[in-house]
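**Q** pasting the sequence and the predicted model now:
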Number of protein chains: 2
Amino acid sequence: MSQGSTDPQGIVGFAAHDHSACTRAALALAEETCAEKGLSFTPVRRRTLEILLESHVALGAYDVLARLAEDGFGSKPPVAYRALGFLMDNGLAHRIERLNAFVACAHPGAAHDPAFFICRKCGAVAEAQGVTPLDASADAAGFAVEKTTIEAEGLCPLCREEAA
Amino acid sequence: MSQGSTDPQGIVGFAAHDHSACTRAALALAEETCAEKGLSFTPVRRRTLEILLESHVALGAYDVLARLAEDGFGSKPPVAYRALGFLMDNGLAHRIERLNAFVACAHPGAAHDPAFFICRKCGAVAEAQGVTPLDASADAAGFAVEKTTIEAEGLCPLCREEAA
DNA sequence: CGGGGGTTGTGATATTATAACATACGCGTT
DNA sequence: AACGCGTATGTTATAATATCACAACCCCCG
Ligand SMILES: [Zn+2]
Ligand SMILES: [Zn+2]
Ligand SMILES: [Zn+2]
Ligand SMILES: [Zn+2]
């Protein structure tokens, strides 16, 4: 629960930031993580992550696939789904259920139980950490939580301003 | 385990209960709600709700469709999707995003911001109310939440026992 | 050299969802 | 009764999302 008021690195995605640094850091960390775990961070996988990292917007599997195909990789669905699966299995990307779409993880490496804020206007997706609010309810029900999906749709700060 | 805790109107779905009463009540309430709001609770719509109410398990749109077709209603996807859409629009059913499936609402009428517990073994889905944990994070980020999707997957009390 | 595991590629197919249009029905007006 | 109108239902067709099954490849190791 390190969710302070000022979110030092709490919620990424809406705030203005040096995105090329953000991207480079994520790729470096992915590289490192895979090396440590003995996973092969192959060209398709790397390129897939790069594509997701281009913006903090969720992409459909077929969008990713089209981009991969442009770059000379295979053009059939399993190519994209496998790469995305690899990234998700290893905490480098997440699936946004409401959108049937995928985003790069904004807190790779960190322990994960992500929650997402999705702007319905501009499509930006921000990832928050450490929101695990179900425990009380779950305990009361005798339910053993294994995975959570927590997604909020609404308006991001910028789109909110525009609307006003 | 606090399994026996009697959850007055907390979590419905896992606890043993008089399900035929549960079903009748839900149908009666739906009837009433529609009457009040001037909505037509037509045969397909009613039958769709009945089908969802048969168990506290989420059904795919095509499962529902097959059941409707058996009963003499149309057999093409829009028939099911429209009925399900009506029920969702009017707070009588919910979509479970993780499963691309639908359940009858367990707290119809009540103000709604539902959270779901989904048993990965038996498929039971329980609906909890009033879990709105994102507000703090959202405010900090300047995000205006409009809708939330909160779903937890795990083991329900019964399947948990079996596993032990 | 000869496997064997992991990775990539492809064709085929399954599953989920919507668009577009036609028909039917209830209902108030003429 | 006849008409116009809105809502609901039904059908055809197609879109969007996802997985299966199998072949080819590549790299490392024995
Ligand atoms: Zn960035
Ligand atoms: Zn993450
Ligand atoms: Zn926005
Ligand atoms: Zn019940």
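**A** Thanks, I have the structure now. Numbers count the residues shown, from 1 in each chain, chains lettered A, B, ... in the order given. Ligands and ions are numbered 1, 2, ... in the order given.

**Q** which helix is the longest one in chain A?
**A** helix A:19-37 (DSSP state H).

**Q** could you give the mean pLDDT of that one?
**A** Mean pLDDT, helix A:19-37: 94.

**Q** which residues touch it?
**A** Helix A:19-37 is contacted by residues A:12, A:39-41, A:46, A:49-50, A:53-55, A:90-92, A:104-105, A:108-109 when judged by CB atoms under 8 Å, 6 or more residues apart in numbering or on different chains. Every C-beta, even on glycine, is put in place using the N, C-alpha and C of the backbone.

**Q** what about stretch A:87-105 and DNA strand D, touching?
**A** Yes. Under the criterion of CB under 7 Å from any atom of the strand, DNA strand D is reached by stretch A:87-105 at A:100-101.

**Q** can you dump the C-alpha atoms of that stretch in PDB for me?
**A** Below are the C-alpha coordinates for stretch A:87-105, written out as PDB (Å, rounded to 0.1, in the frame of the first residue of the first chain):
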ATOM      1  CA  LEU A  87       4.700 -10.800 -22.400                       C
ATOM      2  CA  MET A  88       1.700 -11.300 -20.100                       C
ATOM      3  CA  ASP A  89       3.100 -14.500 -18.600                       C
ATOM      4  CA  ASN A  90       6.200 -12.600 -17.700                       C
ATOM      5  CA  GLY A  91       4.600  -9.500 -16.300                       C
ATOM      6  CA  LEU A  92       5.600  -7.300 -19.200                       C
ATOM      7  CA  ALA A  93       2.100  -6.600 -20.600                       C
ATOM      8  CA  HIS A  94      -1.500  -6.800 -19.400                       C
ATOM      9  CA  ARG A  95      -4.800  -7.600 -21.000                       C
ATOM     10  CA  ILE A  96      -7.500  -5.000 -20.600                       C
ATOM     11  CA  GLU A  97     -10.700  -7.200 -20.500                       C
ATOM     12  CA  ARG A  98     -13.100  -4.400 -21.200                       C
ATOM     13  CA  LEU A  99     -11.400  -3.600 -24.400                       C
ATOM     14  CA  ASN A 100     -10.100  -7.000 -25.500                       C
ATOM     15  CA  ALA A 101      -6.900  -5.300 -25.900                       C
ATOM     16  CA  PHE A 102      -3.300  -5.100 -24.500                       C
ATOM     17  CA  VAL A 103      -1.000  -2.600 -22.900                       C
ATOM     18  CA  ALA A 104       2.600  -2.700 -21.900                       C
ATOM     19  CA  CYS A 105       3.000  -3.000 -18.200                       C
END
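
**Q** so what touches it?
**A** A:26, A:30, A:33-34, A:37, A:39, A:45, A:48-49, A:52-53, A:56-61, A:64, A:84, A:108-109, A:112, A:114, A:116, A:118, A:125, A:127, A:149, A:151, A:153, B:97-98, B:149, B:151.
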